[in-house]
Structures are given as C-alpha cells and as structure tokens.
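S.K.: how would this look folded up:
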Amino acid sequence: MGYYNEKQHKFASYLCRILGMTDDSFIESFLNYYAINFAYYKRFKSGWFWVTDAINQLIIERNIRRNRYALKIKERLSYFRATDLANLTFCPASFSISTTFQITHPNMEKERQMGERLHEKLNLVKRVSKYHKTKSLEHKIFEQEDIKVILDSEVIYSGHNKTAKRAFFDNHHNVACEPDYIFKDKNSKYFVVEEKFHYKRDPKKPTYEDNYNDWHGVYDESHEEFRLHEIKEWEEYKPTFYLNHKVQLITYLKCVNAYLLEYGYLVYWYYDYDNEQNPYIHKVATKKIMLDTFSLRLFNRVLTAVNQLVSTGEINFDGEKISPFKCSRCVVNKYCGHKTKRFNELSYPYKHDYLELYSTTF
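M.R.: Numbering: from 1, shown residues only. Sure thing, here's the model as predicted:
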C-alpha cells in the first residue's frame with residue numbers, strides 16, 4: 001500500500017479501475033508516483049503523510065470523463081510548435097490530447113509555476129549583463145564551462161521578455177518556435193538555450209536525522225558515512241537528458257531561420273527549498289547539441305510521425321510501452337484513456353470514446 005492507509009488504498013485503486021486500469025502492478029506504481037507528486041507531510045490524527053490531494057486528482061479525472069462530451073475542442077492544427085514535436089516524442093497520446101482539448105485541469109501545475117518563478121529568479125539576461133561588467137561569478141554553480149560560455153556571450157533574444165517575445169516560423173516545415181534564449185558567442189556564432197527545472201533534494205541540506213542527531217548530541221558514524229557518500233554521488237552525477245527535450249532544442253536549431261544557429265545548450269537546473277520554503281538552485285547540468293546527422297535524422301523522424309498522425313487521423317499505439325512514472329507526470333494525463341493499456345491505436349483528434357468509465361466493484 002506504500003503511502004496510503006488501507007481505506008485510502010482501496011478507494012484509490014477503485015478509482016483507477018473505474019478509469020479503466022486493470023494491471024495491478026501498474027496501478028500500484030501509478031498510485032505511489034501520484035503520492036510522491038501530490039502528497040505532503042502534515043500532522044493529523046491518523047499519521048503524517050497527507051495523500052488526499054493525490055486521490056483528489058483521480059476524482060477530478062473521473063468527473064472529467066463523466067462530462068467528456070462537454071470538453072472544449074481546439075481548432076484543428078494549421079502548423080506545429082516545437083513543443084508539439086517534443087510532446088509527440090514524450091508520448092503520441094500526450095500530443096493528440098494537448099492539441100485536441102482545451103486543458104483546464106493540467107497535471108504538474110505546481111512544477112510549471114515553479115519553473116516560471118525560477119526562470120525569473122535566475123534571469124540569465126541580467127546575469128550575462130552583470131558578468132560582462134564585473135567578470136565575477138556569483139556562485140560556483142556558474143563555474144561550469146558551458147554556463148561560462150553563456151555568460152560570456154551577447155543576448156540576442158529572450159523568450160521571457162514579454163515585450164520582445166515572438167514566434168520564429170519556418171514555412172518549409174510548418175513549425176513555429178519560441179526558444180528561451182538566443183545568444184551570440186565570442187566567435188560571433190549564434191546559439192540557442194533551452195532551460196528545464198527539476199526538483200531534487202539537495203543532499204547537502206541537513207536531513208531530519210541530521211538535525212535530530214545534532215539536537216541530541218548524537219554521533220552516528222554509519223550515518224555520516226552515508227551522508228558523505230550521498231553528497232559525493234550527487235556531485236559526480238551525470239544526468240540523462242530526455243529525448244523530448246533534445247527534440248525541442250533540435251527543432252529550434254533546424255527551424256529558427258532568422259539566425260544561423262550553430263549549436264544549442266540544453267540546461268537542467270536542479271532546485272530544492274530552504275527552511276523557509278524558498279526555492280534555490282544547487283546543481284546545473286548542460287548538454288551541447290549540434291545539428292549533426294543524428295539530430296537531423298531524429299528531427300525528420302519526429303516530423304514525419306506528427307504529419308502522419310495529423311494527416312491520416314490514426315496511428316498504431318503500443319500500450320505495453322506505457323510507463324506509470326511517465327503517465328503520473330504527464331501534463332494531460334487526466335484526459336488520457338491510453339494509460340489503461342486498452343487501446344492499440346491512437347486518433348487525432350483524440351476520441352471522446354477513449355475516456356469512457358468502466359464498471360467495477362468497490
């Protein structure tokens with residue numbers, strides 16, 4: 001049952017089956033990931049971990065399905081966005097849903113808002129300007145070589161400047177792009193930057209056990225060794241850069257024609273919260289991407305797939321590849337029937353029939 005007590009687990013599992021899930025192992029994993037995403041610690045009579053918000057997400061989805069024919073429909077696509085190609089790479093169902101329905105109950109909204117907040121707080125434009133004046137790095141995080149390249153470059157375009165924000169449209173591929181930043185480096189080469197923000201507990205931040213030991217004057221050698229290992233492991237950690245994020249950046253390199261973009265940086269910022277619940281960055285990882293043979297092949301494959309789905313209205317869908325982790329974090333998962341593994345085809349526009357409810361016993 002993991003994070004849920006017996007009654008909560010029984011009700012949450014019942015809701016999953018109403019939504020059409022039948023795989024017990026998938027349901028268990030999905031519910032645990034939902035608890036991680038939405039639950040939080042809170043003092044109350046039956047315990048400390050509050051999972052009601054996680055269960056409420058399932059109730060919201062049930063209500064959406066009850067009223068599925070009232071969902072507002074978007075206009076049919078006349079062009080693609082770089083994020084559409086990224087969404088199809090993440091999951092074709094996610095692409096079809098996000099381009100069919102007006103999404104009024106998105107998943108992971110807190111994370112999206114935090115990303116916007118951290119974009120503003122980090123503000124690479126101001127940091128570049130300050131670095132040009134002082135040649136001083138404010139934090140050791142910015143000592144990373146690729147970040148120093150960015151700071152030492154000239155800002156050409158910022159997608160976070162609301163007055164200057166624009167879409168770069170490629171008529172040949174019928175794709176619109178809205179990158180985070182475009183820079184010109186010291187060698188007068190243009191490059192693009194796309195930022196992503198990920199929550200990750202900062203291993204250097206004292207844990208509850210650390211504080212408990214300090215308060216009680218306890219020294220635990222095995223715990224200290226574990227903590228030092230954890231810190232070292234995180235310092236040496238090399239992340240996997242997600243394919244959908246790579247596709248988004250590659251699409252910018254291919255389809256932004258206003259500047260001759262030579263390369264791009266995918267930047268992952270990792271954040272945690274201090275004791276006052278203010279977010280702070282504690283690690284950065286970067287991936288330099290060129291428009292090489294592999295990148296062009298990937299772009300063409302994804303563009304062909306999205307054109308095929310939109311033009312024919314249907315493609316095959318492999319439900320066995322569905323991941324409970326990805327499904328639990330998908331922005332449009334409350335509008336998705338494909339996480340049930342019941343369908344081996346996917347339509348565009350997304351069919352209301354995918355969202356039916358199923359009879360089950362409590």
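S.K.: from here on, contacts and neighbour counts on C-alpha atoms
M.R.: Will do.
S.K.: Low-confidence regions, the stretch 101-250 of the chain specifically.
M.R.: Counting by pLDDT under 70, the ranges of the stretch 101-250 of the chain that qualify are 164, 212.
S.K.: That one: helices as residue ranges?
M.R.: 109-122, 124-134, 145-151, 208-215, 221-235, 243-255 (DSSP state H, counting those that start in this stretch).
S.K.: quick one, which of the ones you listed is nearest to residue 355?
M.R.: helix 109-122 (21.7 Å; Cα to Cα).
S.K.: show me what contacts residue 99?
M.R.: 74, 76-77, 349 (Cα atoms under 8 Å, 6 or more residues apart in numbering).
S.K.: Can you tell me the element it falls in?
M.R.: Assigned by DSSP states H and E, residue 99 belongs to helix 92-100.
S.K.: What residues sit buried inside that helix?
M.R.: 92-100 (16 or more other Cα atoms under 10 Å).
S.K.: Which parts of the stretch 151-300 of the chain are strands?
M.R.: 154-158, 168-170, 175-177, 181-184, 190-199, 261-273, 279-290 (DSSP state E, counting those that start in this stretch).
S.K.: returning to what we had before: can you put the buried residues of helix 92-100 in JSON lines and add pLDDT and distance to residue 318?
M.R.: Converted to JSON lines, those look like this (pLDDT from 0 to 100; distance: Cα to Cα, whole Å):
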{"residue": "92", "pLDDT": "97", "distance to residue 318": "10"}
{"residue": "93", "pLDDT": "98", "distance to residue 318": "11"}
{"residue": "94", "pLDDT": "98", "distance to residue 318": "14"}
{"residue": "95", "pLDDT": "98", "distance to residue 318": "15"}
{"residue": "96", "pLDDT": "98", "distance to residue 318": "15"}
{"residue": "97", "pLDDT": "98", "distance to residue 318": "16"}
{"residue": "98", "pLDDT": "97", "distance to residue 318": "19"}
{"residue": "99", "pLDDT": "97", "distance to residue 318": "20"}
{"residue": "100", "pLDDT": "98", "distance to residue 318": "20"}
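S.K.: how about these, which pair is most distant?
M.R.: Across those (Cα to Cα), the longest gap, 12.3 Å, separates 92 and 100.
S.K.: Near the closest residue to residue 80 other than its chain neighbours, how many other residues are there?
M.R.: What sits nearest to residue 80 in space, not counting adjacent residues and going by Cα to Cα, 6 or more residues apart in numbering, is residue 175, at 4.7 Å. Counted with other Cα atoms under 10 Å, residues neighbouring residue 175 total 24.
S.K.: Which strand residues bridge residue 175?
M.R.: Residue 175 has these beta-bridge partners by DSSP bridges: residue 80, residue 170.
S.K.: who touches it in this structure?
M.R.: Here residue 175 is in contact with 79-82, 169, 255 (criterion: Cα under 8 Å, 6+ apart).
S.K.: Would you check how far apart it and residue 74 are?
M.R.: 18 Å (Cα to Cα, to the nearest Å).
S.K.: so who does residue 62 touch?
M.R.: 15, 18-19, 357.
S.K.: ok, and for the host helix or strand of it, which residues are buried?
M.R.: Element membership for residue 62, per DSSP H and E: helix 52-66. Within helix 52-66, the residues that count as buried by 16+ other Cα under 10 Å are 54-55, 57-59, 61-62, 64-65.
S.K.: what's the average pLDDT for it?
M.R.: For helix 52-66, mean pLDDT is 95.
S.K.: CA-only coordinates of it, as PDB, when you get a sec.
M.R.: C-alpha atoms of helix 52-66 as PDB (Å, rounded to 0.1, in the frame of the first residue of the first chain):
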ATOM      1  CA  THR A  52      -5.800  13.300  -0.100                       C
ATOM      2  CA  ASP A  53      -4.600  15.600  -2.800                       C
ATOM      3  CA  ALA A  54      -3.300  12.600  -4.700                       C
ATOM      4  CA  ILE A  55      -6.700  10.800  -4.500                       C
ATOM      5  CA  ASN A  56      -8.400  14.100  -5.500                       C
ATOM      6  CA  GLN A  57      -6.600  14.000  -8.800                       C
ATOM      7  CA  LEU A  58      -8.300  10.700  -9.600                       C
ATOM      8  CA  ILE A  59     -11.700  12.100  -8.600                       C
ATOM      9  CA  ILE A  60     -11.100  15.100 -10.900                       C
ATOM     10  CA  GLU A  61     -10.300  12.700 -13.800                       C
ATOM     11  CA  ARG A  62     -13.400  10.700 -13.100                       C
ATOM     12  CA  ASN A  63     -15.500  13.900 -13.200                       C
ATOM     13  CA  ILE A  64     -13.800  14.900 -16.500                       C
ATOM     14  CA  ARG A  65     -14.800  11.600 -18.000                       C
ATOM     15  CA  ARG A  66     -18.400  11.900 -16.800                       C
END
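S.K.: Check the gap between residue 16 and residue 55 for me.
M.R.: 10 Å.
S.K.: got it, and residue 152?
M.R.: For residue 152, the distance to residue 55 - Cα to Cα - is 48 Å.
S.K.: With residue 309 instead?
M.R.: 33 Å.
S.K.: for residue 250, same thing?
M.R.: From residue 250 to residue 55 the distance is 38 Å (Cα to Cα).
S.K.: follow-up on the earlier one: could I get the buried residues of helix 52-66 as TSV with distance to residue 344?
M.R.: Below are the buried residues of helix 52-66 laid out as TSV (distance: Cα to Cα, whole Å):
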residue	distance to residue 344
54	28
55	28
57	25
58	23
59	26
61	22
62	22
64	23
65	20
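S.K.: From these, pick the one nearest residue 268.
M.R.: For the buried residues of helix 52-66, the nearest to residue 268 is residue 54 (26.6 Å; Cα to Cα).
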